[in-house]
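Student: Here is my input, please return the structure:
(4 chains, ligands or ions: 4)
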Amino acid sequence: MAKLILNSLSKSFETGGRPAVNGVSLTVREGGFLALLGPSGCGKTTVLRMIAGFEQPTDGSILLGERVLADASEMVPPENRNMAMVFQSYALWPHMSVAENIGYPLKVRGISGEKRQRKVKDALSAVRLESYADRRPADLSGGQRQRVALARCLVTEPDVVLLDEPLANLDRHLRQEMEETFREFHARSGATMIYVTHDQAEAMALATDVAVMSEGRLLQVAAPEEIYARPEGRLVGGLVGQGAILSLPSPDGDRRLLDWPAVQSLLSTREIGRGNDPAADILVRPQDVEIATEGVAVSVLSVLFEGERYALRLALADGQTLRAFSRRSVRVGDTLTVIIRSAWRL
Amino acid sequence: MAKLILNSLSKSFETGGRPAVNGVSLTVREGGFLALLGPSGCGKTTVLRMIAGFEQPTDGSILLGERVLADASEMVPPENRNMAMVFQSYALWPHMSVAENIGYPLKVRGISGEKRQRKVKDALSAVRLESYADRRPADLSGGQRQRVALARCLVTEPDVVLLDEPLANLDRHLRQEMEETFREFHARSGATMIYVTHDQAEAMALATDVAVMSEGRLLQVAAPEEIYARPEGRLVGGLVGQGAILSLPSPDGDRRLLDWPAVQSLLSTREIGRGNDPAADILVRPQDVEIATEGVAVSVLSVLFEGERYALRLALADGQTLRAFSRRSVRVGDTLTVIIRSAWRL
Amino acid sequence: MTRPKNQGNSQPRWLFPFVVTVIFCLSVLPLGRLAVTGIVSAMQGGAHQLLSDPALWQAVYDTLTTSFFGMIAAVVLGGGFALLLTLFDIRGKAALGFLFMLPTMIPPQVTALSWIGMTGPSSTLLKALGLAPPLGSPQPLYSIGGIALLYGVQNAALVYLSLRAGLLALPRDGVEAARLSGASSWQVLKDVILPLSLPGFAAGAAIAFVSCVGNFGIPAILGIPASIYTLPTLIYSKFASFGPGTFADVSLLSAMIAILSIVGLIVEERVLRGRDYRVIGLSGQVAVFRLGAWRWFAEIALWLTILIILVMPLTALVASSLAPAYGVPLSSSTATIQAYEEILFRQTVTRTAFTNSVTLALTTAFGLLAATVLTGYFLVRGRSRFAPVIAALAEIPYALPGIVLAVAFILVFAAPVPVIGISIYGTIWIILIAYFSSFFAVSLKPVVSAFRQLDPSLEEAARLSGARFGRRLADILVPLVAPAAGASVILVFLIACNELTISALLWSAGTQTLGVAIYNLDDSGSFNLASALSVLVVIMVVVMMLVLELMAKRLPKGVVPWRS
Amino acid sequence: ADLVLYTSQPNADAQATVDGFKAANPGIEVEWVRDGTPQIMAKLNAEIQAGNPVADVLLIADTVTLERMKQAGQLLAYKSPEAANYDKALYDADGYYYSTKLITTGIMYNTQASMKPASWADLAKPEAKGLVTMPSPLASGAALIHAQTLTAVPDLGWDYYKQLKDNGAIAAGGNGGVLKSVASGEKAYGVVVDYMPIREKAKGAPVEFVFPKEGVSAVTEPAAILASTKHAENARKFIDYVLSEKGQEGFLQLGYIPARTGMAVPAGFPARDTIKVLPINASEALKNSENDVKTFSDIFGTKG
Ligand SMILES: Nc1ncnc2c1ncn2[C@@H]1O[C@H](COP(=O)(O)OP(=O)(O)OP(=O)(O)O)[C@@H](O)[C@H]1O
Ligand SMILES: Nc1ncnc2c1ncn2[C@@H]1O[C@H](COP(=O)(O)OP(=O)(O)OP(=O)(O)O)[C@@H](O)[C@H]1O
Ligand SMILES: [Mg+2]
Ligand SMILES: [Mg+2]
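Tutor: Ligands and ions are numbered 1, 2, ... in the order given. The predicted model follows:
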């Protein structure tokens, strides 16, 4: 195993207008676990498909260690890459039973008999489908299909594992179990893993590195804590965490992490001398917005019950919105005062 | 429009062992918004498919107002039900462009020309796919396909809308927008909506009623606040919210909502005279577990960064686990003391 | 309280009666009439010793072996082309696919004779290579193997088209998943592609088998010299010495053929049983494999095959159409286009035959498509108990030699139709009905296999959109099975265009078909005229295919079978 | 139509016959169907079975078939005044059928062949090993008659066919196939009806036709009226026409030997009296035809 290197990778489809992937350069260290985050249609699946060898890059190259896997002219065929993938569409083989689906990568590798059976059984029990071994994929529920795809992906010892929204159709409990399974698998096999998800909590919880893409470009790569604490630019700020982005006058100097006094002063400058200062994007995360007896006045735009708490959308006097949580229900239209404990200049 | 009534509905498949749906009775009031929650494979999709008319119940019946839609012997064909559905597998027509896919229900209803174009355009812009109107589904990303399915579902004025995990492949931003779209659509059209999801936050945020299923049976139906606050039984308790379930001696009387003193006393009784009292299942939600300077001692099993906070798994002295949140990172193996602000006897 | 009006299962009420009526008219009626005549004749003509005649059993055996190996040859040839052209990065796919259709158009006798010439002592090719066998050495094609080989060439397009439709429905990601699992191209082919396209494969193989069982032209030329009799040649010999027991014998032999083809069907059914081929989700794109260094090799092999199965017979055909007499060595001084002038400008029958055949072939191809889409839907989605019976009944007429089917239709229609009192005998309508009956199976097979692979949720989505059956059919189902529908139309058209043995008995003044015209010219010794007409037919078909090519952009994807 | 003719004559010949008839009998609309003998018989019998035969007159390969139909009561007797000009062996005494021409079967060879055959026996010689082809009785009515005629010759018999078989001769398809095979040089010798090679030779094909010295078999393409005819009057006119001098002249023109006595022979044929036609007894042949087919296919057929 070795580093996986994407070298200003690009891909344009004939039918698509702008390139689906555009100059993505990225290094996933040996045994790394990279989460790929980004809005729908930003090119995540396309990146995975290029790594797997299903699409040829129109530009750039992919290297595994010293070995060039693909560039614009040549590529190693997928079957020689020793990778495994969970497809967004599962890609189960409808003519094989669940056990056959899972056992196929082993069969191809010449593992047979008792050993294969045991491995298939282990994989089945890891995804809680022991009793479905003989079903056909068509007779399974959506989540069960996804789990079969997962089991098939993890049954061998691949160098690189590509996971394309592998938990999208699972309930919370299974998700947690499966996350646990990934973590174990990663620790045990040392495979390099690339994990596409739209759920940033999942990304943060699993990955050693998080990469954020948008419109085919790579915006930022960093460790989860890092990217959460110090997102670069509006897009990353908007994607990571559920924060609201305020447009406020630039704070002095190059301070980026702002505490309540700093935010408060910005809010008030804005009220006095607007339009003069160049505007800055300030990210405010909901957990940093605290309902208090004093602070800035906001009105409640909407209240959503989320079980654990209520998610509020609040409007500042000038109409900009903030997000906040509240353990108590409040009514739409109410006026509250809030303190912004911390904010981040993007 | 009228009430949708499921009358001890059951469905067994030839190949499956136990019935996929087993005696589900449920009334969705006119214009109601029901979220259907449950673990993978519990029969949610099957219920929707029976309501849509793709599967015949093996027992029981489905009524829309006075009209019998289906029972074990007869059924109204789907085309006469005026329903719309987002399929878990999307079921887009590969030979039609995105706009044709979306416009098809209108075309069938004889709406043509300018009006159809406008409606299709509106639907496209609601799912942010304006510039993809002429693509084929095969040339879209997973999330884009899901959005096409969504747009197709919402383009007409159906009496009943069935949504099978319609947002599973979308990122948080789009999800929020789409949730907003559902809410608007629901308010505007007054359609009865049934929404299958594995994301209980989504369910709580959208629905007027939440139904929880497990292994083909209906466990509980209630309003979101109600079901969150007062879940019935281990299964619902485990599914709704991310709580941990402790097995403790039964508290006295029929008190169900327990405060810290009550929990504390249970924890200590357990330590003294275990095994005598009949055990009770006590649900403890992570936000109710507070790290404090005193309280019950726990050791940290795992710490997961979730962005906003850390999710902890904690072990009590006897090995039972608790879940908690922390804004600060703690180390695995550390010993903490926690207070359980509130708990619920299931 | 209103009660539900009808069963919610996916088919309208009239579908079952419709299918039953179609099957009754196209299969039960003529076959039943033949059987009745056979029984009556058997009673009059006394008990026949046919069944105890070892020659009969030898013929059954020979029919089985030639058909089986013929099917294998067709599967190898057609399957190879379909796989290579749909899945691999071969250059010139369109041209290859286009040319591969054409051998179906060359009458089997022509192919047989040109092959005999090619491999025999007088072969210019072998002479040039110095490999020509001495005059009088045995002809290798006069054998089971030779018959099977020509069956294969003749029926390869059946397998090609039906398999191709199946391959186009393959989900790309399924193939990719297999490759990523580490499976080599060969393993992917074996474990994923072939099993998933098995319905198309099995349909192609079954129809090829059935077609071999019923073939007369090839065993008549290649079999009889080697003392190989198949059931169709045996039937012809019964007709040749027409006696009181002939109808009984012919019915019995036809029953044998029917049994053989049902055996073929049962095998197909067995192979497909209990499996699921429904493609889950989208199947918009086909995976393409790279052949790498093998590409040259594959391309050469493909073109070589085209050369052997198309160019050489066609050259022979053109050569004999230009020769003033048979056996005259062709050179620039002897070549003459007199045959073409004669055919085009002097023979009035030519135009009639062209009009008749093209009308018949087009009507049959499109008319049958309507019937087969409905029947196919019924067979796959209907979950009816009668489905296997209906499938078998649809198949039998195609397995019977044309002469038997034609006799059956004469028996039914020679007298005016009761009740209405109109006689269609001697009109073009009887040929049309007989064509419908005979080619029903050809048209049905690819469509059925396409329905097998269809994801049911696509139709469900349309139902929920409010589309009634007819609507769904037009908007969703037919476009989705378009490659198969295209295959079925083209196959029926090609076969019907050249059809001979049915129309030979059913034609009368003004309803000559091309097959009849060519046969009559050939039979009366005007070989060059016959060849010229054959060449013109091939040219006509090529022109029609080119027109199709021009319209290809407006047709649903995959309909035009040589386009990728 | 006023008259329907079923014939196994080649297309152009049938057309010419009909044209001649129409010229002689203006106002009679004739419809005709041509096909190989097995096909035309299958068609006709199916129609008879169905109770609605369409044909009025037949003009088909051989008397054996018509003899069978006569015995089955399917023919109408008509004593044509023209019969006087014909050899008694060439028509049915009761007037059920009349021969119209002589189509003999002899030997053709490719001009490059080493041996010039002069007798049937030559085909069994080693020089002809593997080089002989002949039509099969299954595909050609004339071929059956030929076999029945030759086997009745004391020196030949079925033994002769066994010798041919041992000499590698093959029997397949119709006369057309034999012609092609010999003309193209694939085989050197063929047993074939006379007019084909003679016509081809005239067009320049490298073939020759010989009338073997033992004699040739002949089919006579007889005409008959169906018992079920609805146009008996026209049918009789047709019989009269084909037997008439004019009708016979037409056949001559087409390249056939007319059956009527005192007519010329077509170009390329030796004089009529040098052609030795071997006799055949129609009712005898009919009785044996099934057996003969079987014997033939036992020799060339399934046992080989
Ligand atoms: N066609 C079928 N034949 C046999 N069993 C089936 C069939 N379809 C579904 N099942 C079984 O019925 C049960 C319920 O399936 P269903 O699709 O309703 O689950 P679900 O609640 O939608 O799950 P998920 O969240 O995973 O989509 C599952 O155990 C499944 O395996
Ligand atoms: N075969 C194709 N032809 C043309 N365009 C394509 C094709 N496949 C994908 N695209 C386009 O490329 C872009 C990136 O697609 P991709 O599937 O990589 O997105 P994604 O990030 O995986 O999105 P999602 O989260 O919705 O799955 C999209 O805009 C999509 O429409
Ligand atoms: Mg994707
Ligand atoms: Mg489901």
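
Student: Please pull out the lowest mean pLDDT helix or strand from the chain.
Tutor: Answering for chain A, as no chain was given. Between all helices and strands in chain A, the lowest mean by mean pLDDT, DSSP states H and E belongs to helix A:260-272, at a mean of 76.

Student: actually it's chain C I care about, not the one you picked
Tutor: Least confident helix or strand of chain C, by mean pLDDT, DSSP H and E, is helix C:124-129 with a mean of 62.

Student: shaky segments in the stretch 201-346 of chain A?
Tutor: Low-confidence segments of the stretch 201-346 of chain A (pLDDT under 70): A:251-253, A:270-278.

Student: Near chain C, which residues of it are found?
Tutor: Within the stretch 201-346 of chain A, no position is adjacent to chain C by C-beta under 8 Å from any C-beta of the partner chain. For glycine as for every other residue, the C-beta is placed from the backbone atoms N, C-alpha and C.

Student: tell me which element whichever residue of the stretch 201-346 of chain A sits closest to ligand 4 falls in.
Tutor: The nearest approach of the stretch 201-346 of chain A to ligand 4 comes at A:Glu202, 20.0 Å away (C-beta to the ion). A:Glu202 is part of helix A:200-206, with elements assigned from DSSP states H and E.

Student: what helices or strands is that helix leaning on?
Tutor: When contacts are defined as 3 or more C-beta pairs under 8 Å, 6 or more residues apart in numbering or on different chains; DSSP states H and E, helix A:200-206 packs onto strand A:33-37, helix A:172-189, strand A:192-197, strand A:209-214, helix A:224-229, strand B:296-305.

Student: pretty sure C:Thr65 is in a strand, no?
Tutor: No: under DSSP: H, G, I helix; E, B strand; the rest coil, C:Thr65 sits outside any strand and is assigned helix.

Student: Output the longest helix belonging to chain C.
Tutor: In chain C, with assignment by DSSP state H, the single longest helix is helix C:348-381.

Student: Buried residues in the least confident helix or strand of chain A, which are they?
Tutor: A:260, A:262-263, A:266-267, A:269-270 (16 or more other C-beta atoms under 10 Å in any protein chain shown).

Student: One more: stretch C:20-31?
Tutor: Result for stretch C:20-31 [16+ other C-beta under 10 Å]: buried residues C:20, C:22-23, C:26-27, C:29-31.

Student: Next: stretch D:130-137.
Tutor: Applying a neighbour-count criterion of 16+ other C-beta under 10 Å, one finds D:130-137 buried in stretch D:130-137.

Student: List the contacts of that stretch.
Tutor: Residues outside stretch D:130-137 that contact it (C-beta atoms under 8 Å, 6 or more residues apart in numbering or on different chains): C:135-138, C:224-225, C:237, C:240-241, D:113, D:123, D:142-144, D:147, D:164, D:167-175, D:177-178, D:181-182, D:187-192, D:292-293, D:296-297, D:300.

Student: Same check on stretch A:221-234?
Tutor: Residues outside stretch A:221-234 that contact it (C-beta under 8 Å, 6+ apart) are A:26, A:34-35, A:203-205, A:207-212, A:219-220, A:236-237, A:239-241, A:245, A:256, A:281, A:283, A:344, A:346, B:305, B:307.

Student: just to revisit the earlier point, and ligand 1, which of the buried residues of helix A:260-272 contact it?
Tutor: When contact is defined as C-beta under 6 Å from any ligand atom, the buried residues of helix A:260-272 do not meet ligand 1 at all.

Student: Narrow the contacts of stretch A:221-234 to those that are buried.
Tutor: With neighbours counted using 16+ other C-beta under 10 Å, the contacts of stretch A:221-234 contain these buried positions: A:26, A:34-35, A:203-205, A:207, A:209-212, A:219-220, A:236-237, A:239-241, A:245, A:281, A:283, A:344, A:346, B:305, B:307.

Student: Would you map the helices across the chain?
Tutor: Using chain A. Along chain A, counting by DSSP H, helices occupy A:44-52, A:98-108, A:113-126, A:142-154, A:172-189, A:200-206, A:224-229, A:233-239, A:260-272.

Student: my bad, chain D
Tutor: Applying DSSP H to chain D gives helices spanning D:11-24, D:37-50, D:63-71, D:141-151, D:157-166, D:175-183, D:195-203, D:232-243, D:245-254, D:282-300.

Student: Likewise for the stretch 401-550 of chain C?
Tutor: C:402-413, C:428-453, C:456-464, C:469-472, C:478-480, C:482-497, C:501-506, C:514-523, C:527-551 (DSSP state H, counting those that start in this stretch).

Student: one step back: return the set of buried residues in the longest helix of chain C.
Tutor: Going by 16+ other C-beta under 10 Å, helix C:348-381 has these buried residues: C:349-350, C:352-354, C:356-358, C:360-362, C:364-365, C:368-369, C:371-381.

Student: which helices and strands does that helix pack with?
Tutor: helix C:15-23, helix C:387-399, helix C:428-453, helix C:482-497, helix C:514-523, helix C:527-551.

Student: one more time with 6 Å, if that's ok
Tutor: Judged by 3 or more C-beta pairs under 6 Å, 6 or more residues apart in numbering or on different chains; DSSP states H and E, helix C:348-381 is in contact with helix C:15-23, helix C:428-453, helix C:482-497, helix C:514-523.

Student: Report the residue ranges of every domain in chain A.
Tutor: As given by automatic domain parsing, the domain ranges for chain A are A:4-230, A:242-345.

Student: Comparing those, which stretch has the densest surroundings?
Tutor: Neighbour counts (mean count of other C-beta atoms under 10 Å in any protein chain shown) averaged over each of the domains of chain A peak at domain A:4-230, with a mean of 21.

Student: List the contacts of the residue in chain A that ligand 4 sits nearest to.
Tutor: Relative to ligand 4, the nearest point of chain A is A:Gly142 (4.0 Å; C-beta to the ion). By C-beta atoms under 6 Å, 6 or more residues apart in numbering or on different chains, the residues touching A:Gly142 are A:169, B:88.

Student: cool, C:Gln154 as well?
Tutor: Shown in contact with C:Gln154 (C-beta under 6 Å, 6+ apart): C:Pro108.

Student: Just the angle for the strand or helix carrying it relative to helix C:428-453, thanks.
Tutor: Assessed by DSSP H and E, C:Gln154 sits inside helix C:144-168. Interaxial angle of helix C:144-168 relative to helix C:428-453 (axes from the mean of the first three to the mean of the last three C-alpha atoms, to 10 degrees): 60 degrees.

Student: partners of the residue lying closest to A:Arg309 once chain neighbours are set aside in the sheet?
Tutor: Spatial nearest neighbour of A:Arg309, chain neighbours left out: A:Phe325 (4.8 Å); criterion: C-beta to C-beta, 6 or more residues apart in numbering or on different chains. With DSSP bridges applied, A:Phe325 shows beta-bridge pairing to A:Ala311.

Student: can you list the residues of the stretch 101-250 of chain D near chain C?
Tutor: Within the stretch 101-250 of chain D, the positions near chain C by C-beta under 6 Å from any C-beta of the partner chain are D:129-131, D:136, D:138, D:170, D:172-173, D:176, D:180, D:183-186, D:196, D:200, D:203-206.

Student: so how far is D:Leu144 from A:Glu294?
Tutor: Look at A:Glu294 and D:Leu144: by C-beta to C-beta, to the nearest Å, they are 120 Å apart.

Student: where does the stretch 101-250 of chain D have low pLDDT?
Tutor: D:138-139.

Student: redo that, cut-off 90
Tutor: Along the stretch 101-250 of chain D, the parts satisfying pLDDT under 90 run over D:101-104, D:110-119, D:121-188, D:193-208, D:213-221, D:228-233, D:245-247, D:249-250.

Student: Nearest to ligand 3: which residue in it?
Tutor: Here the stretch 101-250 of chain D gets closest to ligand 3 at one residue, D:Gly173, 64.7 Å apart by C-beta to the ion.
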